[in-house]
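Visitor: Predicted model and sequence follow; I will ask about them next.
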Amino acid sequence: MTVGRIIAYIAAAIVLLFGVLFIWAAFGTEFNSGWFITGLVSVAIGFGLIWFAGRLKPETQIEQNVTLNIDLPANVDLESFKCQSCGGVLSPDNVEMVAGAPVVSCPYCGTTYQLTEDPKW
C-alpha cells in the first residue's frame, strides 16, 4: 500500500468521524441546521477521499538484477563435474545457493545434495 493511499485513508477516517459528530450534535436539544449541513459535507468529503484513495495507482516496483558468484570447493573440477548418484554430467547452472551453501540439483536423476568442502591440505 502506498504512502499516499494510507494518508488518504487516515484523513478520510478523521473527516468522517467529525462529520458524524456534527450530524449527531445537530440533533441536540435544538435542531441546528448549520451543524447538520457541515456534518453532511464532511461525510461527503470523507467518502470522496476513500474513493480517491482507491483510485490511486500503486507505485511501480523497481526490478533489480542480483549476480551471485559461487566459490565452489577446491576439489571440484568443472570439466569433469558429475552427479554423485547417477554420474550425469553437470554444469555450473545446476549449482544454487540455498541457505548460504552450494547445492547441486541433478537434471537427470533429480538428486539434490550439498557440496562439501574437503580440507585443502
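Guide: Thanks, I have it. Numbers count the residues shown, from 1 in each chain.
Visitor: Give me the mean pLDDT for stretch 45-53.
Guide: Stretch 45-53 carries an average pLDDT of 93.
Visitor: Please apply the same query to stretch 9-29.
Guide: Mean per-residue pLDDT for stretch 9-29: 93.
Visitor: Residues contacting that stretch, please?
Guide: Where contact means CB atoms under 8 Å, 6 or more residues apart in numbering, the residues beyond stretch 9-29 that reach it are 32-36, 38-47, 49-50, 53. Quick note: C-beta positions are derived from backbone N, CA and C, even for glycine.
Visitor: if we go to 10 Å?
Guide: By CB atoms under 10 Å, 6 or more residues apart in numbering, the residues outside stretch 9-29 that reach it are 1, 32-54.
Visitor: Please identify which helix or strand holds Met97.
Guide: strand 95-98 (DSSP states H and E).
Visitor: Give me the distance between Asp15 and Ser33.
Guide: Slight slip there: residue 15 is Val, not Asp. Here Val15 is placed at a distance of 20 Å from Ser33 (CB to CB, to the nearest Å).
Visitor: just to revisit the earlier point, please export the C-alpha coordinates of the strand holding Met97 as CSV.
Guide: Listed next in CSV are the C-alpha coordinates belonging to strand 95-98 (Å, rounded to 0.1, in the frame of the first residue of the first chain):
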residue,chain,number,x,y,z
VAL,A,95,24.5,-25.3,-8.7
GLU,A,96,22.4,-23.0,-6.5
MET,A,97,23.0,-21.2,-3.2
VAL,A,98,20.5,-22.5,-0.6
